Structures are given as structure tokens and as C-alpha cells.
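K.L.:
Model the structure of this input:
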Amino acid sequence: MYAEKIIAGYGLNRAWRSLPVGRVIGICDTVRNRILRLALELQEQVGDSDDPLEKVGAEEVQKQVITYIYGGQNVINSNVGGDLSQANNSGLVAGDFDGLTKALGEAGVHAEQIAALPLALAKDQGDIKKGQFGTALGEWIKGAANTAGKASVDAVAGLLRGYLGI
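P.N.:
Residues are numbered from 1 along each chain as shown. Next comes the predicted model:
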């Protein structure tokens, strides 16, 4: 990739980049946490039974893998083989509730869920001031993503972060 970009006419023999130990530990921690979150989410759906994961369904498992392993990346369509679109909240202005409701509607969140959002926001004002979601917003995000069908938890949370400026 960099063979001729350093000095014209010369080849690159080797290249490296040093990583601090803290960064490697952080990467390992992130991988471990994502796998754990995936396992806990699947266990929540299957329960404590010894039934195989086929009970959950391949589409739901694929959605969870995208959300927890790949980090969501604001994925709206969980069908990896099909068209893939991403939530673009770059036009979302912090504090613009009308813009937020429009973006949530475009992401597939039902109007009933959107109507319940102000109550969740009011309940979690203390946590929002600390720059995080509280219990009420966490539950609202999960419910909105579940009813939307095509929006991931990360996509809905990303839209809320854009609106709240956190």
C-alpha cells in the first residue's frame, strides 16, 4: 500500500507501528465485553433451557451478532446479504426534537414509541446531565429497536445521543 508513496521509485521493505500496552488491553477488553453481551442477550431470549439456539431463529441471531460483535455501526438493515443502509445523524441538531422524531420515524420506530419518548427523557434528566442514558431511556431504546424491526439498538441510541449532544 505504501510501497511507492514514501519516495518515488523506491520500494518499502518493512513498516510497523508501535501500540501501547493499554491500547492492546483495551482491544481485548472490548472483544470480551462484546462477546459477553451477545451471549447474555441470546441467553435472555433462550432462557435457562438446554434447547438449541435454533429456537431463537437465524435472523435474530444475525441481528444480535451485528449489534454486539460488529458494534452496530448504526446498522438499520440487519440483512447483511442485502442492501445495507446506515443511520446518518450528521444533520441531527442537538435539541431538535422534530428532527429526532423524523429520524426515528425513518429508522422504522413506531409513532407510539416516539410518543413515549418525552416521558422517558423526563424520567432520566439527572442521568442525561451526567452524559449518559438512565434506566427509562435504556428501556425505551430497547423497546423502540424491537418494535422497529429494522433499526438496531445502536442506531436508535446514536440518534438519541445526537439529539442530546452526548
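K.L.:
Hmm, Ala144 and Val109 touching each other?
P.N.:
Yes: using CB atoms under 8 Å, Val109 makes contact with Ala144 at a distance of 4.6 Å. Where you see a C-beta, it was placed from the backbone N, CA and C, and this is true even at glycine.
K.L.:
Give me the helices and strands touching the worst-scoring helix or strand of the chain on mean pLDDT, please.
P.N.:
Across the helices and strands of the chain, mean pLDDT, DSSP states H and E gives its lowest value to helix 58-68, namely a mean of 69. In terms of contacts (3 or more CB pairs under 8 Å, 6 or more residues apart in numbering; DSSP states H and E), helix 58-68 is packed against helix 21-46.
K.L.:
still on that earlier bit, and the least confident helix or strand of the chain, how far out from the chain middle?
P.N.:
12 Å (CA atoms, centre = their mean, to the nearest Å).
K.L.:
Off-centre distance for stretch 13-21?
P.N.:
30 Å.
K.L.:
what about the helices in the protein?
P.N.:
Residue ranges of the helices in the chain, as given by DSSP state H, are 21-46, 58-68, 97-106, 111-123, 125-129, 135-148, 153-164.
K.L.:
just those helices: most buried one?
P.N.:
Of all the helices of the chain, helix 153-164 has the most neighbours on average by mean count of other CB atoms under 10 Å, namely a mean of 22.
K.L.:
now for the helices of the chain, which one comes closest to Gly9?
P.N.:
Checking these against Gly9 by CB to CB gives helix 21-46 as the closest, at 34.8 Å.
K.L.:
Averaged pLDDT, that closest one. What do you get?
P.N.:
If you average the pLDDT over helix 21-46, you get 82.
K.L.:
so what does that helix touch, helix or strand wise?
P.N.:
helix 58-68.
K.L.:
hey, C-alpha coordinates of the helix it packs on in CSV?
P.N.:
Below are the C-alpha coordinates for helix 58-68, written out as CSV (Å, rounded to 0.1, in the frame of the first residue of the first chain):
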residue,chain,number,x,y,z
ALA,A,58,-31.1,-17.4,12.4
GLU,A,59,-32.3,-13.8,11.6
GLU,A,60,-32.5,-12.8,15.2
VAL,A,61,-29.0,-14.3,16.0
GLN,A,62,-27.6,-12.5,12.9
LYS,A,63,-29.1,-9.2,14.2
GLN,A,64,-27.5,-9.7,17.6
VAL,A,65,-24.1,-10.6,16.1
ILE,A,66,-24.2,-7.4,14.0
THR,A,67,-25.3,-5.3,17.1
TYR,A,68,-22.9,-6.8,19.6
